[in-house]
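S.K.: coordinates for the following, if possible.
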Amino acid sequence: MKIVIYGATEIGCLLATEFFEDHDITIIDKEENRTEEFDKLDISFVQGSAADVNVLKSAGINDADIFIACTGYDEVNIVACLAVKKVSGIRTICFVSKTEYSSALAINNNTDYLSDFYIDYIIWPEELLTQELFRIVTVAHALDVENFADGKARLLEYKVKPDSMIVGKMVKDCGFTKDTIIVGIKRDSLLFIPNGLTEINADDKLIFMGTSHSLDILAGTFFHEKEQVKSVAIIGGGNVGFMLAQNLEDMKIKTKIIEKDYDRCEFLSQELGKTVVINGDGTNLKLLEEEELGECDVAIAVTNNDERNLLCSLLMKQLGVKRVISRVSKVLNIPLFEKVGIDIAVSSKTSAINEVRNDIDETNVDILALVEQGEGEVLEILLNDEFSGKYIKDLRFPAPAIVGIIQRHSNVIIPKGDTKLNFNDILIIFTKAENADKVKSYFKVI
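M.R.: Down below sits the predicted model:
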């Protein structure tokens, strides 16, 4: 597949790095925006603006399959996508950062407005980040939460505390809840798929898949899920902070926002009926103490500055907040945040990359989720008739992988070795990212 990317930005570099091995990648941007990271990749680079028809032709737009606009300017991205649509009619993906553009361009999905002059897919990374944060916040102590099969099944990730009852036990002896499967363990820097004889250590990150109900029981039994989140502090009242507060209000969770800009605070106060809005600096320890933010169940730093988010997060940790989540703008900073003690570090860019990966996949495989910053993948595979009648125990994957969920019509099945497969079953499979292609090839979907 030929993919043309407009924007030598961090997102553009992440996209190119993600896809260049399997696809023909061309980057369009000014030469001064070209960095050494792009030179390390086997890609083409065309200098200029994607709004220029001649530049688009130089990039081979008429032979391309997908055009992705991800510069730092919404208007530039929009104009470029519309120009590409007019010139070649190929699929366009447009990154935006403003609510009004996301809403206005969404009319493309409405047939009342549909024409030849539109954008196929709008990606607003901040909205994706908000959705991820909301999932994490509403499930106490979880490091990651993903919902599958219309919410009937989930993936949950938990860190094992040193005093946990399962430390030192083998998986088969832990007595985990029925209809749950432990599909992965992250130990130190290694992600692997365990078996029944794998012994669980303190500080392991355990990744489970199962029905939503059974995982609720599992969490309550082993990870104190009954400690429901009742109060949240948000540092930063930008788009993410605002949208997250709206969602938390709907869940009747007590929420406080600290925002430096006075005018923004006035807007937040008018739009949020139940959230306490505080005009102040989230790095001011005295202010945090006066507002008793250390008593919150969860603190989330979502300003647009990594250094400020890190400092705010560390201060909240010092005040005794049970769980601290931090937004990270630069993806490479995520391991640093986690290393210094931040419970969860998340990036809008990684959420956006996952969306693009799903969109460009040509097969009957979807990447439902990325786990541990992309080290693990959750694949959704539609079975063909070749596998009908086989049992789970008969599957011989060419690389470590595990079937966590079977979706059969409207039913969710947590499989065992003697579970029989049917034609058109949807398998939700966990594997390491480096083995994903091997798993796909086993089902003949590459």
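S.K.: burial check on residue 320, number of neighbours?
M.R.: Residues lying near residue 320 (other CB atoms under 10 Å) number 10. Placement of C-beta: from N, CA and C, glycine included.
S.K.: over to residue 155?
M.R.: Neighbour tally, residue 155, other CB under 10 Å: 26.
S.K.: what does residue 168 give?
M.R.: Residue 168, neighbours per other CB under 10 Å, totals 11.
S.K.: residues touching it, list them.
M.R.: If you count contacts by CB atoms under 8 Å, 6 or more residues apart in numbering, residue 168 has them with 199-201.
S.K.: C-alpha coordinates for the strand or helix carrying residue 185, CSV please?
M.R.: Element membership of residue 185 [criterion: DSSP states H and E] is strand 180-187. Below are the C-alpha coordinates for strand 180-187, written out as CSV (Å, rounded to 0.1, in the frame of the first residue of the first chain):
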residue,chain,number,x,y,z
THR,A,180,-11.3,-14.8,33.0
ILE,A,181,-8.0,-15.6,31.3
ILE,A,182,-4.6,-14.1,32.2
VAL,A,183,-3.2,-13.4,28.7
GLY,A,184,0.0,-11.5,29.5
ILE,A,185,2.5,-10.5,32.2
LYS,A,186,4.8,-7.5,32.0
ARG,A,187,7.8,-8.2,34.4
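S.K.: hmm, who's touching that strand?
M.R.: Against strand 180-187 from outside (CB under 8 Å, 6+ apart): 155, 171, 176, 191-194, 198, 200-201, 203-211, 214-215, 218, 371-372, 375-376, 402, 404, 414, 430.
S.K.: how about stretch 212-222?
M.R.: Residues contacting stretch 212-222 (CB under 8 Å, 6+ apart): 139-142, 147, 151-154, 156, 158, 164-166, 174, 176-180, 208, 210, 225-226, 414.
S.K.: now, these that are in strands?
M.R.: Here DSSP state E is the test, and these give 147, 153-154, 156, 158, 180, 208, 210 as lying in strands.
S.K.: so can I have CSV of those showing pLDDT, neighbour count and distance to residue 133?
M.R.: Below are those laid out as CSV (pLDDT from 0 to 100; neighbours: other CB atoms under 10 Å; distance: CB to CB, whole Å):
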residue, pLDDT, neighbour count, distance to residue 133
147, 82, 14, 14
153, 88, 25, 21
154, 86, 26, 16
156, 91, 25, 16
158, 91, 22, 17
180, 93, 20, 24
208, 95, 25, 20
210, 92, 26, 23
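S.K.: from what I can see residue 243 touches residue 127, true?
M.R.: Yes: in this structure residue 243 lies within contact range of residue 127 using CB atoms under 8 Å: 6.9 Å.
S.K.: just give me the neighbour total for the closest residue to residue 205 other than its chain neighbours.
M.R.: Distances taken as CB to CB, 6 or more residues apart in numbering put residue 186 closest to residue 205, at 4.0 Å, once the chain neighbours are dropped. For residue 186, the tally of surrounding residues (other CB under 10 Å) stands at 20.
S.K.: okay, and the residue nearest the centre of the chain sits in which element?
M.R.: For the chain, the residue nearest the mean C-alpha position is residue 351 (3.6 Å; CA atoms, centre = their mean). Using DSSP H and E, residue 351 sits in helix 348-360.
S.K.: that helix packs against which elements?
M.R.: helix 10-19, strand 91-95, strand 121-123, helix 125-137, strand 365-371 (3 or more CB pairs under 8 Å, 6 or more residues apart in numbering; DSSP states H and E).
S.K.: with respect to residue 232, which of these lies nearest?
M.R.: helix 125-137 (6.2 Å; CB to CB).
S.K.: specify the angle between the closest one and helix 348-360 in degrees.
M.R.: 100 degrees (axes from the mean of the first three to the mean of the last three CA atoms, to 10 degrees).
S.K.: so which elements touch helix 125-137?
M.R.: Counting by 3+ CB pairs under 8 Å, 6+ apart, helix 125-137 packs on strand 144-148, helix 239-250, strand 298-301, strand 323-327, strand 344-346, helix 348-360.
S.K.: show me what it is in contact with.
M.R.: By CB under 8 Å, 6+ apart, helix 125-137 touches 11, 95, 97, 102, 142-147, 229, 232, 238-240, 243-244, 247-248, 253, 298, 300, 302, 325, 327, 344, 346-349, 351-352, 355.
S.K.: what about 7 Å?
M.R.: Applying CB atoms under 7 Å, 6 or more residues apart in numbering, the external contacts of helix 125-137 come out as 95, 97, 102, 142, 144-145, 229, 232, 239-240, 243-244, 247, 298, 300, 325, 327, 344, 346, 348-349, 351-352, 355.
S.K.: next, the buried residues of that helix.
M.R.: Buried residues in helix 125-137, defined by neighbour count with 16 or more other CB atoms under 10 Å: 125-130, 132-137.
S.K.: between those, which sits nearest residue 426?
M.R.: When the buried residues of helix 125-137 are compared against residue 426 (criterion: CB to CB), the nearest one is residue 135, at 21.2 Å.
S.K.: show me where the chain has helices.
M.R.: Ranges of helices within the chain are 10-19, 36-39, 53-58, 74-87, 99-105, 125-137, 212-222, 239-250, 262-271, 285-290, 306-318, 334-339, 348-360, 436-442, based on DSSP state H.
S.K.: now the ones you listed in CSV, with mean pLDDT and distance to residue 423?
M.R.: Output for the helices of the chain, formatted as CSV (pLDDT from 0 to 100; distance: least, CB to CB, whole Å):
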stretch, mean pLDDT, distance to residue 423
helix 10-19, 91, 32
helix 36-39, 86, 45
helix 53-58, 93, 44
helix 74-87, 92, 38
helix 99-105, 72, 39
helix 125-137, 87, 32
helix 212-222, 82, 26
helix 239-250, 93, 39
helix 262-271, 96, 50
helix 285-290, 94, 58
helix 306-318, 95, 49
helix 334-339, 90, 41
helix 348-360, 81, 24
helix 436-442, 91, 17
